[in-house]
Every structure is written in C-alpha cells, then in structure tokens.
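Engineer: Sharing a model prediction with you, sequence too.
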Amino acid sequence: MNDLVVVPQTNHWQKLKALVLDSVSSPITRRVYNLGLDEFFAWLSAQEPRPGFTRATVSAWRVALEARGLGAVSINVRITAVRKLAVEAADNGLLAPELANGITRVKGVASKGVRLGNWLSVKQAQTLLNAPDTTTTKGLRDRAILAVLLGCGLRRSEVAALTMGHVQQRDGRWCIVDLVGKHGRVRTIPMPTWVKVAIDAWTAAAGVCDGPVYPDTQSCLNSLAELYRREGQLARSEAAYERLLKARLRTYGQDNPFTAHTLGGLGEVKLQRGGFAEAVTALRRAVDFYRREGVDNWRRYYTEYLLGASLASSGKYTEGQDLLVSAKQSLASYKDSIPPEYRRILDQVRQRVAKADRPRSSLRRTGPLVQPEKRARIDVRFRPQAAYR
C-alpha cells in the first residue's frame with residue numbers, strides 16, 4: 001500500500017474523519033478538526049487528476065491555505081488535523097507508515113514576533129463592572145459574571161460551569177477550588193474580596209444556595225416566588241411572580257405552558273391576599289390556556305377551583321359555584337397526585353367557601369382567603385419595585 005487515493009464514496013472519508021475525531025476529547029478541538037478535515041476533503045475532491053494522500057499533497061494544501069490569506073494559527077490548526085489523519089490512517093492499516101511519516105513532517109507556517117494584546121485599563125474595567133443595572137436581579141447576575149471574568153480571569157465556559165461548591169475558603173481567603181478547565185486541567189484560582197461581594201449580592205437576591213452560581217434567571221424568580229409564598233411573605237411572592245410573568249411573556253408569549261403556570265401562581269397569591277378581581281383575571285387566562293390546549297391534569301382543575309373561589313368572592317357567586325362543583329369532581333380523580341402543600345390550600349379554600357352559603361355573602365369580611373402556614377421572615381434581599389429586565 002503506497003498511498004491513500006481519494007474515492008467518490010463519501011462514507012470512506014467520513015470513517016477516516018471519525019478516527020481522528022474520536023481520538024480527541026476536547027469538544028472545541030473536535031469541532032476545529034472537523035472543520036479542517038472537511039475543507040481538506042473538499043479541496044482534494046476538486047483537484048484534477050485526483051492526487052493521493054502524500055506529503056506533496058499536504059504541502060500543496062498548505063500553499064492553497066496561504067493563498068486564501070489565512071493567518072498562521074488558522075493554517076497550522078488545519079495542517080495539524082491532516083497530520084492527525086495520517087497517523088490514525090497508518091495505525092489502522094489504511095496508509096503506509098513511510099507515507100504517514102512524510103506527512104507528519106510537513107511544516108506549518110512560522111509565527112514571527114509577539115502579538116500586542118488589547119487589555120482594559122483599571123478605569124475601563126470599573127466602567128464595565130458598573131454597567132449592569134443592580135436594581136434588578138438580572139443586573140446583579142450580570143455584574144457577578146463580569147466580576148468573575150475580570151477578577152479571576154476565567155474562561156466563558158468555566159464561568160458557566162461554576163457552582164457554589166467551587167467557592168470555598170482557604171487560609172482565610174476566598175478561592176475557586178478544583179475547577180476543571182480546558183483539556184481537563186484542574187486548578188484553584190484566588191478570588192478577590194470585591195468579586196465575592198458581587199457574587200453574594202446576586203445569590204442573596206436570587207435565592208441561590210447550591211448548584212450553579214448562575215442558573216437561569218427565570219428559574220430563580222420562580223423558586224424565589226414559591227419560597228416567599230411558603231414562608232407567608234405574600235407581597236414579595238406576588239412581586240416576584242409579576243416580574244416572572246413579564247419575563248416569560250417576553251420570552252415565550254401568551255400561549256405557553258410556562259406562562260400559564262406563572263399566571264396560576266400569581267392568581268393564587270392574589271387570591272390569598274384578598275385581591276379577588278385581580279386573581280380572577282390571572283386565573284382565567286391560565287384556565288383558558290389549559291382548556292384550549294386540552295390539558296388534563298390536577299394543576300388545571302386546581303387552577304379552575306381557585307378561579308371558582310375568586311369568582312364567588314368577587315360577587316359572581318353563581319358562576320363561581322358552578323366552577324367549584326365541576327372542578328371538585330375532576331380533582332377527586334387526581335387526589336393522590338396533588339402535592340400535600342396544594343391539598344392544604346384546597347382544604348382552606350373549601351372551608352372559606354363553605355361559609356359563603358348565600359349569594360350576598362362575601363369572603364372579604366373574613367380576611368385573607370388562605371392563611372399561610374407560618375409568617376417567619378427569611379433573610380433574602382428583594383426589591384419588589386424594580387422592573388425585571
């Protein structure tokens with residue numbers, strides 16, 4: 001076997017390329033090699049007559065890359081991928097060893113001199129750090145991300161993979177411990193105090209205690225709204241649900257399960273606070289979506305029951321009672337699927353509704369419709385008046 005000739009069958013080249021891609025572990029390197037080999041195969045196929053896979057062919061490929069005006073780094077990465085292809089082909093008996101040795105000796109383009117980097121001054125870095133609006137949860141998150149990038153020098157992929165478990169103290173100083181970076185390298189990075197302050201401001205506002213340091217903002221708002229509701233801080237829960245609703249309307253639109261779920265949570269909190277008219281508006285939008293999409297689960301009928309209670313409490317007694325009866329019958333088949341927390345809320349709603357035994361009765365006189373389990377305050381900084389961005 002003297003050379004490896006390009007053949008029309010694309011599958012043969014795909015198998016050869018798979019040998020190279022399977023030999024590297026980094027997804028970035030795999031992507032770059034894949035691009036380089038695809039370009040090499042396309043260039044080979046366009047040559048007439050079709051050359052073999054030899055050192056002369058690879059040298060001609062390098063000349064073609066230089067003619068395209070590519071930089072030294074771009075050319076060398078592509079040549080490296082082709083060298084790797086020759087080694088894998090020889091190891092698998094598809095190319096003569098002497099041809100593979102000749103291809104591996106093809107030199108890349110020399111990079112002469114040292115590039116002058118473009119870095120930020122202290123003033124520019126401070127301006128960038130102060131750019132996010134820290135009156136919003138999203139702004140606090142953005143500032144924490146910029147602080148880690150500027151103060152710790154992490155790559156973007158490392159920032160995205162950062163967890164609360166990485167942030168630890170060593171000898172009285174905060175560090176990012178045992179962070180797995182490029183090519184699986186494990187390292188520990190010191191963290192300046194002002195970076196830790198920025199991270200603490202974000203995690204306190206978003207309620208992040210474990211897991212990723214920078215989870216999805218909407219998920220944080222949803223968790224925070226439910227946490228406030230369980231702790232009895234209904235005003236803060238309502239504010240969090242309203243900000244979450246704006247974000248999900250902007251992201252998903254009106255007809256979306258996430259939006260409907262948020263509307264249901266917002267209506268539930270408004271009902272607990274005694275805002276029956278506003279609760280009717282939110283819950284009706286959620287129920288309309290569930291009915292339109294044919295949703296058949298406990299959450300739909302739970303939302304319908306809350307809507308019936310809101311209607312009965314806001315003066316629409318007949319409509320509310322009809323909806324309460326139908327929703328109660330449907331919920332009976334999902335009794336074992338309803339979480340205990342929601343069963344408790346249903347029981348309290350039923351007790352209050354039972355007191356409204358005539359159309360003129362109003363639940364407004366008896367205070368909030370659902371009494372929270374406890375009123376303990378939690379130490380989480382939250383600004384209900386700030387608009388979500």
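Structural biologist: Structure received. Here the structure is a predicted model, which is why all the values come from computation and not from measurement. Residues are numbered from 1 along each chain as shown.
Engineer: the longest strand in this protein is where?
Structural biologist: strand 173-180 (DSSP state E).
Engineer: buried stuff in the one helix or strand Arg30 maps to?
Structural biologist: Using DSSP states H and E, Arg30 falls within helix 27-45. Buried residues in helix 27-45, defined by neighbour count with 16 or more other CB atoms under 10 Å: 29, 32-33, 36-37, 39-41, 44. C-beta: built from backbone N, CA, C; applies to glycine.
Engineer: Kindly report the same for stretch 68-87.
Structural biologist: 75-87.
Engineer: And these, which is closest to Thr193?
Structural biologist: Val77 (39.7 Å; CB to CB).
Engineer: how near is the closest one to Val109?
Structural biologist: For Val77, the distance to Val109 equals 11 Å [CB to CB, to the nearest Å].
Engineer: same thing with Ile176?
Structural biologist: Distance from Ile176 to Val109, by CB to CB: 37 Å.
Engineer: quick one, which of those two is more surrounded?
Structural biologist: Ile176 (21 against 16; other CB atoms under 10 Å).
Engineer: Isn't Glu226 up against Leu266?
Structural biologist: No - when contacts are counted by CB atoms under 8 Å, Glu226 is not listed as touching Leu266 (11.7 Å).
Engineer: More neighbours: these two, which one.
Structural biologist: Leu266 (25 against 17).
Engineer: how many neighbours does the residue lying closest to the more buried one once chain neighbours are set aside have?
Structural biologist: Spatially, and ignoring its direct neighbours in sequence, Leu266 is nearest to Tyr241 (4.0 Å; CB to CB, 6 or more residues apart in numbering). By other CB under 10 Å, 27 other residues sit near Tyr241.
Engineer: quick one: which helix or strand includes Tyr241?
Structural biologist: helix 234-252.
Engineer: by contact count, what packs against that helix?
Structural biologist: helix 217-230, helix 257-273 (3 or more CB pairs under 8 Å, 6 or more residues apart in numbering; DSSP states H and E).
Engineer: mind putting those in JSON lines, distance to Ala60 and mean pLDDT included?
Structural biologist: Formatted as JSON lines, the helices and strands packed on helix 234-252 follow (distance: least, CB to CB, whole Å; pLDDT from 0 to 100):
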{"stretch": "helix 217-230", "distance to Ala60": "52", "mean pLDDT": "80"}
{"stretch": "helix 257-273", "distance to Ala60": "55", "mean pLDDT": "91"}
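Engineer: Pipe these into a markdown table and attach distance to Leu149 per row.
Structural biologist: Supplementary listing: the helices and strands packed on helix 234-252 in a markdown table, determined by distance: least, CB to CB, whole Å:
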| stretch | distance to Leu149 |
| --- | --- |
| helix 217-230 | 18 |
| helix 257-273 | 30 |
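Engineer: Tyr290 is nearest to which of those helices?
Structural biologist: When the helices and strands packed on helix 234-252 are compared by CB to CB, helix 257-273 sits nearest Tyr290, at 6.4 Å.
Engineer: Restricting to C-alpha, output the following helix or strand past the closest one in CSV.
Structural biologist: The helix or strand immediately downstream of helix 257-273 is helix 276-293, counting by DSSP H and E. Provided in CSV are the C-alpha atoms of helix 276-293 (Å, rounded to 0.1, in the frame of the first residue of the first chain):
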residue,chain,number,x,y,z
PHE,A,276,-60.2,38.7,44.2
ALA,A,277,-60.7,40.7,41.0
GLU,A,278,-57.1,40.6,40.0
ALA,A,279,-57.0,36.9,40.9
VAL,A,280,-59.9,36.3,38.5
THR,A,281,-58.1,38.0,35.7
ALA,A,282,-54.8,35.9,36.1
LEU,A,283,-56.5,32.6,36.8
ARG,A,284,-59.0,32.9,33.9
ARG,A,285,-56.1,33.4,31.5
ALA,A,286,-54.4,30.3,32.8
VAL,A,287,-57.6,28.2,32.7
ASP,A,288,-58.3,29.4,29.1
PHE,A,289,-54.9,28.1,28.0
TYR,A,290,-55.4,24.7,29.8
ARG,A,291,-58.8,24.2,28.1
ARG,A,292,-57.6,25.4,24.7
GLU,A,293,-54.7,23.0,24.8
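Engineer: excluding its backbone neighbours, what's nearest Arg55?
Structural biologist: The shortest distance from Arg55 to any non-neighbouring residue, by CB to CB, 6+ apart, is to Gly102 (3.8 Å).
Engineer: again with Ala81
Structural biologist: Gly36 (3.8 Å).
Engineer: and what of Thr251?
Structural biologist: Here the nearest residue to Thr251 in space, its sequence neighbours aside, is Gln218; by CB to CB, 6+ apart that works out to 7.3 Å.
Engineer: neighbours of the one you found, just the number please.
Structural biologist: Here the number of neighbours of Gln218 (other CB under 10 Å) works out to 18.
Engineer: Show me which residues of stretch 314-334 are buried.
Structural biologist: 314, 316-317, 320-321, 323-324, 327-328, 330-331.
Engineer: let me fix that: stretch 287-304
Structural biologist: 287, 289-290, 295, 298-304.
Engineer: Now Lys107: phi and psi?
Structural biologist: According to degrees, to the nearest 10, the main-chain angles of Lys107 amount to phi -80, psi 150.
Engineer: Count residues in the vicinity of it, would you?
Structural biologist: Neighbours of Lys107 (other CB under 10 Å): 9.
Engineer: Kindly give the local confidence score, pLDDT, for it.
Structural biologist: On the pLDDT scale, Lys107 is placed at 86.
Engineer: swap in Ala279?
Structural biologist: So, for Ala279, pLDDT stands at 91.
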